[in-house]
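Undergrad: predicted model and sequence below, questions to follow.
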Amino acid sequence: MTRPFGLEMKVIISTVKALPCKLNLARQMERIGILERFFTAANVDGRSLQMPGQKISTYPSTLQIPWRMIARSKVLHNTSIAPHLWRLLVGTPFDWYFAKHIVDCDIFHGDSISALRSGQAAKQKGAKWVCDVPHSHLEILSEIVRNEHDYLSIRPSEHQSMIGTSLKAYDFSDHIVVASAFAKSSFLSKRFPDEKISVVPYGVDTNLFKPVPVNRDEVFRVLFVGHLSAQKGVHYLLEAFGRASIPNSRLILAGSPHPDTPYILSRYPLEKVDILGGQPKSKLAFYYSLADVMVLPSVQDGFGLVICEAMACGCPVIATTNTGGPDVITDGVEGFIVPIRSPDAIAEKLVWLYEHPEERAKMGSLALKKVREWRGWRRYGEKMLKIYEKLLGVKNSLL
């Protein structure tokens, strides 16, 4: 095969779920001409991924039947045991299955939850294993979320069963990729060497996320997008919104319910809150364009992709330090960066944005300008390529 950019490299990307970062990474590696195989349990095809179908190796649907039956029955809907059962019935078998189907490659790119065995199998064949971690170090994540559950008197729903697997993956992999400086700092606090951790912020699909026409009125709308969980800090946003007491304002919560949701919503008045539930990506551009500000108050988020989505629609963003916000937002330019667990800081910024409509509009314009300069997911793929080249000791970059 003649590779478009003359790169002599073979890359396997492995992901159980159809995560945007992994799907777009696969597209970029195919564009560059170095994708050897894409392992997944998701229902995707070559056309949607812009690659030949024979490069996609799918975990057999027959092996996913037990989990699908449980998921469809909704017996475990929004319960804390669901992630553990998913790992038992899908994540671990997926890893074992593809460990037996590894083909020769130079780079194996997989996560810490469902690629431990397959990553080791790739290393035995001489490949370098890049461990992709979409959150902070799992021990740090668990500690942060446990503290929130204690604060809210919620029964923990942390993934203790996943910690052991992840710790082994962190150690056995050749390199770890995270999406934010916050996530990297969590690994450094666990004494990982700086040179083993790279930060590559996610991109955004600017064809899907862009400003859309909306009918403006006098309502000041604050938007949140994501799971309604303690980890996402929804309770701090509800508290901040109440403290701000902005006249003629609405808080829009666009996100799927979570086991934490009933406990959180029961603590706050909801007269000025619109709970939309989970929304398809195709509809989010409308809500981002309609909102005056999007707030991501997470106490732990490896990288809040919704930050980039909102910016791509010309919406200013308030994000905490633990979201990847500082990696893409200049404080006071495209939005604001606030400390975690600080409803007062969020309320202060909400009031300022309400009282300064011209500056708010300028922030939205600057957010849109910055995103357009990123070149979508292309930059993400090119930065990842640099990491692969460094690991392999090659210097034939297309850049």
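TA: All right, it came through fine.
Undergrad: please count neighbours and contacts with C-alpha atoms only from this point.
TA: Will do.
Undergrad: residue boundaries of the strands in this structure?
TA: Taking DSSP state E, the strands of the chain run over residues 11-15, 35-40, 56-58, 107-111, 128-132, 175-178, 197-199, 220-225, 249-254, 273-275, 293-296, 317-320, 335-338.
Undergrad: can you give the distance of stretch 174-188 from its chain's centre?
TA: 14 Å (Cα atoms, centre = their mean, to the nearest Å).
Undergrad: now V333: how far from Q28?
TA: 30 Å (Cα to Cα, to the nearest Å).
Undergrad: look at those two and report which has more neighbours.
TA: Looking at V333 and Q28 with other Cα atoms under 10 Å, you find the greater number of neighbours at Q28, namely 23 against 17.
Undergrad: mean pLDDT for the strands of the chain - can I get that in a markdown table?
TA: Listed next are those as a markdown table, based on pLDDT from 0 to 100:
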| stretch | mean pLDDT |
| --- | --- |
| strand 11-15 | 96 |
| strand 35-40 | 95 |
| strand 56-58 | 92 |
| strand 107-111 | 96 |
| strand 128-132 | 97 |
| strand 175-178 | 98 |
| strand 197-199 | 98 |
| strand 220-225 | 98 |
| strand 249-254 | 98 |
| strand 273-275 | 97 |
| strand 293-296 | 98 |
| strand 317-320 | 98 |
| strand 335-338 | 98 |
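Undergrad: would you mind giving those as TSV with distance to L141 and mean neighbour count added?
TA: Formatted as TSV, these follow (distance: least, Cα to Cα, whole Å; neighbours: other Cα atoms under 10 Å):
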stretch	distance to L141	mean neighbour count
strand 11-15	21	24
strand 35-40	25	23
strand 56-58	30	17
strand 107-111	16	28
strand 128-132	16	26
strand 175-178	14	23
strand 197-199	17	19
strand 220-225	20	23
strand 249-254	23	20
strand 273-275	27	16
strand 293-296	17	26
strand 317-320	15	26
strand 335-338	19	24
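Undergrad: tabulate these (a markdown table), appending distance to I264.
TA: Shown next, in a markdown table, are the strands of the chain (distance: least, Cα to Cα, whole Å):
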| stretch | distance to I264 |
| --- | --- |
| strand 11-15 | 32 |
| strand 35-40 | 34 |
| strand 56-58 | 38 |
| strand 107-111 | 30 |
| strand 128-132 | 31 |
| strand 175-178 | 29 |
| strand 197-199 | 32 |
| strand 220-225 | 14 |
| strand 249-254 | 13 |
| strand 273-275 | 13 |
| strand 293-296 | 16 |
| strand 317-320 | 19 |
| strand 335-338 | 21 |
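Undergrad: nearest to G91, of those?
TA: G91 lies closest, by Cα to Cα, to one member of those: strand 11-15, at 9.5 Å.
Undergrad: so which residues make contact with the closest one?
TA: 22, 26, 29, 34-41, 105-111, 114-115 (Cα atoms under 8 Å, 6 or more residues apart in numbering).
Undergrad: repeat that with 7 Å
TA: With contacts defined as Cα atoms under 7 Å, 6 or more residues apart in numbering, strand 11-15 is touched by 22, 26, 34-40, 105-110.
Undergrad: which of these sit farthest apart?
TA: T40 and D106 (18.8 Å).
Undergrad: among the helices and strands of the protein, which one scores worst on average pLDDT?
TA: helix 82-86 (a mean of 73; mean pLDDT, DSSP states H and E).
Undergrad: how far off centre is it?
TA: Relative to its parent chain, helix 82-86 has a centroid offset of 19 Å by Cα atoms, centre = their mean.
Undergrad: need the contact list for K10.
TA: Residues near K10 by Cα under 7 Å, 6+ apart: 34-36, 105-107.
Undergrad: if I look at L25, how far off is I34?
TA: For L25, the distance to I34 (Cα to Cα) stands at 11 Å.
Undergrad: now the helices for the stretch 51-200 of the chain?
TA: Along the stretch 51-200 of the chain, the stretches classed as helices by DSSP state H, counting those that start in this stretch are 65-73, 82-86, 92-99, 116-124, 138-152, 160-172, 181-188.
Undergrad: quick one: which of these is nearest S245?
TA: With Cα to Cα as the yardstick, what comes closest out of those is helix 138-152 (23.0 Å).
Undergrad: just give the nearest non-adjacent residue to P326, would you?
TA: Nearest residue to P326, sequence neighbours excluded (Cα to Cα, 6 or more residues apart in numbering): I337, at 6.7 Å.
Undergrad: bridging residues for T40?
TA: Applying DSSP bridges to T40 gives these bridge partners: T15, T58.
Undergrad: I figured it hits L23, correct?
TA: No - with contact defined as Cα atoms under 7 Å, T40 does not count as touching L23 (9.7 Å).
Undergrad: alpha carbons of the least confident helix or strand of the chain, in CSV - could you do that?
TA: Extracted as CSV, the C-alpha positions of helix 82-86 are listed here (Å, rounded to 0.1, in the frame of the first residue of the first chain):
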residue,chain,number,x,y,z
ALA,A,82,-24.8,-0.7,35.7
PRO,A,83,-21.1,0.4,35.0
HIS,A,84,-19.8,-2.7,36.8
LEU,A,85,-22.1,-5.0,34.8
TRP,A,86,-21.1,-3.3,31.6
